[in-house]
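>>> A structural model of the following input is requested.
(chains A and B)
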Amino acid sequence: MSIDAAISLRDVAFDYVANGRVTRAVEGVSLEVPRGATVAFVGASGCGKSTLLKLVSGLLRTTSGTVLVDGQRVTGPLKHVGMAFQNPVLLPWRSVLDNVLLPLEILRENRDPRTPERALWTEKARALLATVGLGGAEHRQPRELSGGMRQRVSLCRALIHEPALLLLDEPFAALDAFTREEMWELHQRLRLHREFTGVLVTHDLREAVFLAQRIYVMGTNPGRIAHVHEVAFPAPRTLARIDGAEAIELIRSMREQIRPTRETAA
Amino acid sequence: MTRASRRVVLPLLVFVALLLVWEVAVPALRIQQIVLPAPSGVARTMIDTAGPILFHARYTLQTTLIGFGAAVVAGLVLGFAIGAFPAVNDALYPLLVGFNSIPKAAMVPLLVMWFGIGAVPAALTAFLLAFFPIAVNVAVGLATLEPELADVLRVLGASRWQIFRKVGVPRTMPLFFASLKVAISSAFVGSVISETVASNAGIGYLMAVAASDFNTRLAFAGLFVLAALGVALYGLFAAVERRMTSWAYTE
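Sure, this is the predicted structure:
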């Protein structure tokens, strides 16, 4: 394995038990994610994409095989990861600012050495909110925000503690098409400001092409990596680029690869 | 008239109109005062016996609040235990549901047997009726925590206790405060039932005595006092709820 892999999975399998029956969710997954890269997992529903994300974060333990993050074996939930989901799950009783600061409160209580100095918190949060176009919204309540704005707050909460690892599980799936594309560009802008390794789970192939340097197409029953695509478009990427012939061809071929697994799953 | 003021004024108007109809109907239909006294007669009795009524009302209020206070503590503890620990939930929830289906009035004779006539069985009946809604609401609030939110915090190294404190408790508060206004009404019902059966004081006792003397006016006076107290207690806790958890209501 390369020394600079931020994440590496070796022959990972995971079984879950439901109603007394053991089902294999993922099997034989081996891969490496270079530091600072973003990889995407795409595939039909039930292919184990989200399970892989939870295995990387340590929220689930592998049934067999190993997960390494920064060369360390993952045996329980990691302690410094940023995560965002389709549902922004903000705390409605906290202002935008206090929602973003929540991770820092946890880190400080746990005396994490990576906790920034208390005096800098508000400034950091303000700066981050400004990068996502929410400057001046610090004291608004989540209920006053649109879906896209809530998702931006959720992204800020995932990034405030400057995690080395950002895990995104269909974070933009609930947004309308225009807002979603804005969020892709925003995500790209954030990557220019700070380095993190990203893992993205998505149904949206254009999204994967826009955001990821490498895309894993997953097959079902059990979930496994069926195809790998390197996306060589240089940064910064543009919407024009992913609507161009090369990207369209890539998306078309991935769709072809996913379709048969859908049919067997159904 | 704004919507808010209409909501206060309209029910009051209807209430006054009903009293007027009642006032006119009693002599018009030649109903005997011993069967149904006119509201003016009830009002007169209320003024004449204001002293005793006040004494008994205070007594009822006290036993209600003691039972209610105990129910808040027990309901919170039980609710948090059930909501936070699935094993406790599995062990206790069916029993609680079973217990809740016992009509609490049926327990008053037992309580009287154990604790004698007076405030203790009244406060206990209030407690028994009031703690269930609190416990259930608190448990539901904790148990319905979004799994994604727990995940976001767990990958920051948050412990279960931290998740409970930072997320579980605050998000349970609207349900807790909503349950208080249900619970205070239940507690009130409980103490009055118990007073009616076995007490030497309280509005329930006052009404039982009035009924045995065929003093219909006094019985109605007691009823009005109970209604006023019930509405006041409910209103108080509805206001507390709005104040404490405004984030959950303004859309």
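
>>> for the stretch 101-250 of chain A, list the residues in contact with chain B, please.
Counting by C-beta under 8 Å from any C-beta of the partner chain, the residues of the stretch 101-250 of chain A close to chain B are A:102-103, A:105-107, A:109-110, A:112, A:141, A:143, A:157-158, A:161, A:167. Backbone N, C-alpha and C define where each C-beta goes, glycine included.

>>> got the contact list for residue 108?
The chain I'm using is chain A. A:115, A:118 (C-beta atoms under 8 Å, 6 or more residues apart in numbering or on different chains).

>>> chain B was what I was after
Contacts of residue B:108 (C-beta under 8 Å, 6+ apart): B:121, B:125, B:193, B:194, B:197, B:198.

>>> how about the helices in chain B?
B:3-28, B:39-48, B:50-84, B:86-100, B:108-115, B:119-143, B:147-154, B:160-163, B:169-197, B:203-212, B:216-244 (DSSP state H).

>>> low pLDDT regions in the stretch 1-150 of chain A?
Within the stretch 1-150 of chain A, the stretches with pLDDT under 70 are A:1-3.

>>> just want the residue of it that's nearest chain B.
residue A:79 (3.3 Å; C-beta to the nearest C-beta).

>>> I'd like to know how many residues surround the residue nearest to that residue when sequence neighbours are not counted.
Once flanking residues are discounted, residue A:79 sits nearest to residue B:157: 3.3 Å by C-beta to C-beta, 6 or more residues apart in numbering or on different chains. Residues lying near residue B:157 (other C-beta atoms under 10 Å in any protein chain shown) number 19.

>>> picking that back up, check contacts around the residue of the stretch 1-150 of chain A closest to chain B.
Counting by C-beta under 8 Å, 6+ apart, residue A:79 makes contact with A:110, A:112, B:155, B:156, B:157.

>>> secondary structure class of it, three-state.
Put simply, residue A:79 is coil when judged by DSSP: H, G, I helix; E, B strand; the rest coil.

>>> just the C-alpha atoms of stretch B:154-172, please, in PDB.
Output of stretch B:154-172 as PDB, limited to C-alpha atoms (Å, rounded to 0.1, in the frame of the first residue of the first chain):
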ATOM      1  CA  ARG B 154     -20.300  10.000  17.700                       C
ATOM      2  CA  VAL B 155     -17.600  10.600  15.000                       C
ATOM      3  CA  LEU B 156     -16.500  13.500  17.100                       C
ATOM      4  CA  GLY B 157     -15.800  11.200  20.000                       C
ATOM      5  CA  ALA B 158     -19.000  12.200  21.800                       C
ATOM      6  CA  SER B 159     -20.100   9.800  24.600                       C
ATOM      7  CA  ARG B 160     -23.600   8.600  25.100                       C
ATOM      8  CA  TRP B 161     -23.800  10.900  28.000                       C
ATOM      9  CA  GLN B 162     -22.700  13.900  25.900                       C
ATOM     10  CA  ILE B 163     -25.300  13.100  23.200                       C
ATOM     11  CA  PHE B 164     -27.900  12.700  25.900                       C
ATOM     12  CA  ARG B 165     -27.000  16.100  27.400                       C
ATOM     13  CA  LYS B 166     -26.400  18.100  24.300                       C
ATOM     14  CA  VAL B 167     -29.200  16.700  22.200                       C
ATOM     15  CA  GLY B 168     -31.500  14.300  24.000                       C
ATOM     16  CA  VAL B 169     -32.500  16.600  26.900                       C
ATOM     17  CA  PRO B 170     -33.100  19.800  25.000                       C
ATOM     18  CA  ARG B 171     -35.100  18.100  22.200                       C
ATOM     19  CA  THR B 172     -37.200  16.300  24.800                       C
END
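
>>> quick one: contacts for the residue in the stretch 51-200 of chain B positioned nearest to chain A?
Using C-beta to the nearest C-beta, residue B:157 is the residue of the stretch 51-200 of chain B that sits closest to chain A, at 3.3 Å. By C-beta under 8 Å, 6+ apart, residue B:157 lies in contact with A:77, A:78, A:79, A:80, A:106, A:107, A:110, A:112.
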